[in-house]
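**Student:** Build the 3D model from these lines:
(chains A and B)
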Amino acid sequence: MIKKIIVSEQEKNSTKLQTKIQPKVQSKLDAIVRNDTQKSLAKPIIKQAIKPVPNIKPIIKPIQNKPVKQVQKVVPKVVVKSVSKPALVVKPTSNPSPKSVSKLTASKPLPKIDTKTAPKPATVKMNVKKSQLLEVDSEHETYFVYLKNPLEYRRHLLEGSRKILYCLKSHQKILLIRQKKLEEMRTLKSTIRELLYLNKRFNEKLPKYNTAFLGETSSEDKGKFVQAKVPVVKAPIEIKAEMTEMERLEESLANIERKLKTLQ
Amino acid sequence: MDKNLPVFVKINDYKEVLDIVDVMKQKLKETTQTLDRIKQLKSEEDRELQEWEKNVTEISRRLAFIDSAFFENE
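**Tutor:** Predicted coordinates:
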């Protein structure tokens, strides 16, 4: 009897246990079965889940100097784990926040990447929309501005540099031309001085005439040379050595004008 | 004294005067050539200055373009 009672109690307990355990086991079994079926279905779901990742791309913050590309590779792995629970799959959001991205990436540490071979994070700036500022490094607060057509700007800058060099080149040319011009002007000055000297010599060789005598003659006789005793007009250079070149020239010019007045 | 009579002037060292006149002619020719060269150099200088001005205008235009492109969002 006792055995029967024990057995009956054991059966009761077992049935109780079965009733308690059975739903858990059943659910596990269902999950296993579902897992097999869902694995085949999971692929398109995963793909759907991965699709929005490119939208995240511009806002991805490089963690520990790791490029954006590495982050993108890690994200699908994290999603696969949560496929067994489709409700937990990260839904595509139009504007995913950087925090959600950092959570996803933080669940599994990224492998160490050689910073020398890895692409620079600066490549991110080309993918950002116009007039959209992107904070890449909050510590240094570096911002990047989108340039619509960088090649055009580069071309403009280079052509501007070329023009500046042309300007410098033309400046050098102008300096050379001015130097040559100064030399020519010096030559001209010396030639004119020689002419002045020759003119003086020529005047010395001409017969001397008395202006008073010319004044007495009629207007018809004016201009005719008459021998007369007139003191030779010395060159202004010999008169005053202290005078400047300009003053000497002015004096000689005044002499010539005076002579011309007497002839009229 | 008859004012209608011709006046004869004696020129001493006639040959020397002629030489002086020749040298003066030569020097005047040299002067004309030098002046031509100076004129040519001046025109070259003016041309270079014009080129300079053109380049500066071009640089300012490009700079204005880049400036507007970089700071249009401000």
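**Student:** and the residue nearest to residue A:178 when sequence neighbours are not counted, what does it touch?
**Tutor:** Leaving aside its chain neighbours, residue A:178 sits nearest to residue B:45 (6.8 Å; criterion: Cβ to Cβ, 6 or more residues apart in numbering or on different chains). C-beta here means a position set from N, CA and C on the backbone, and glycine is covered the same way. Applying Cβ atoms under 8 Å, 6 or more residues apart in numbering or on different chains, one finds that residue B:45 lies in contact with A:174, A:177, A:178, A:181.
**Student:** Can I get the helix or strand containing residue A:255 in PDB, CA atoms only?
**Tutor:** Secondary structure from DSSP states H and E places residue A:255 in helix A:245-263. Presented in PDB, the C-alpha positions along helix A:245-263 are these (Å, rounded to 0.1, in the frame of the first residue of the first chain):
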ATOM      1  CA  GLU A 245      73.000 120.000 -62.800                       C
ATOM      2  CA  MET A 246      69.500 121.500 -62.900                       C
ATOM      3  CA  GLU A 247      70.700 125.000 -62.000                       C
ATOM      4  CA  ARG A 248      73.400 124.900 -64.600                       C
ATOM      5  CA  LEU A 249      71.000 123.800 -67.300                       C
ATOM      6  CA  GLU A 250      68.600 126.500 -66.400                       C
ATOM      7  CA  GLU A 251      71.300 129.100 -66.500                       C
ATOM      8  CA  SER A 252      72.500 128.000 -70.000                       C
ATOM      9  CA  LEU A 253      68.900 128.000 -71.100                       C
ATOM     10  CA  ALA A 254      68.500 131.500 -69.900                       C
ATOM     11  CA  ASN A 255      71.600 132.600 -71.800                       C
ATOM     12  CA  ILE A 256      70.300 131.100 -75.000                       C
ATOM     13  CA  GLU A 257      66.900 132.700 -74.600                       C
ATOM     14  CA  ARG A 258      68.600 136.100 -74.000                       C
ATOM     15  CA  LYS A 259      70.600 135.700 -77.200                       C
ATOM     16  CA  LEU A 260      67.500 134.700 -79.100                       C
ATOM     17  CA  LYS A 261      65.700 137.900 -77.900                       C
ATOM     18  CA  THR A 262      68.500 140.000 -79.200                       C
ATOM     19  CA  LEU A 263      68.200 138.400 -82.600                       C
END
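**Student:** Any residue of it touching chain B?
**Tutor:** No. Under the criterion of Cβ under 8 Å from any Cβ of the partner chain, chain B is not reached by helix A:245-263; the shortest gap measures 14.9 Å.
**Student:** for stretch A:183-199, same thing?
**Tutor:** Yes. Against chain B, stretch A:183-199 shows contacts by Cβ under 8 Å from any Cβ at A:184, A:185, A:187, A:188, A:191, A:192, A:194, A:195, A:198, A:199.
**Student:** That stretch: which residues count as buried?
**Tutor:** By neighbour count on 16 or more other Cβ atoms under 10 Å in any protein chain shown, the buried set for stretch A:183-199 is A:184, A:187, A:188, A:191, A:194, A:195, A:197, A:198.
**Student:** just stretch A:147-161 next, same as before
**Tutor:** Under 16+ other Cβ under 10 Å, the buried positions of stretch A:147-161 are A:153, A:156, A:160.
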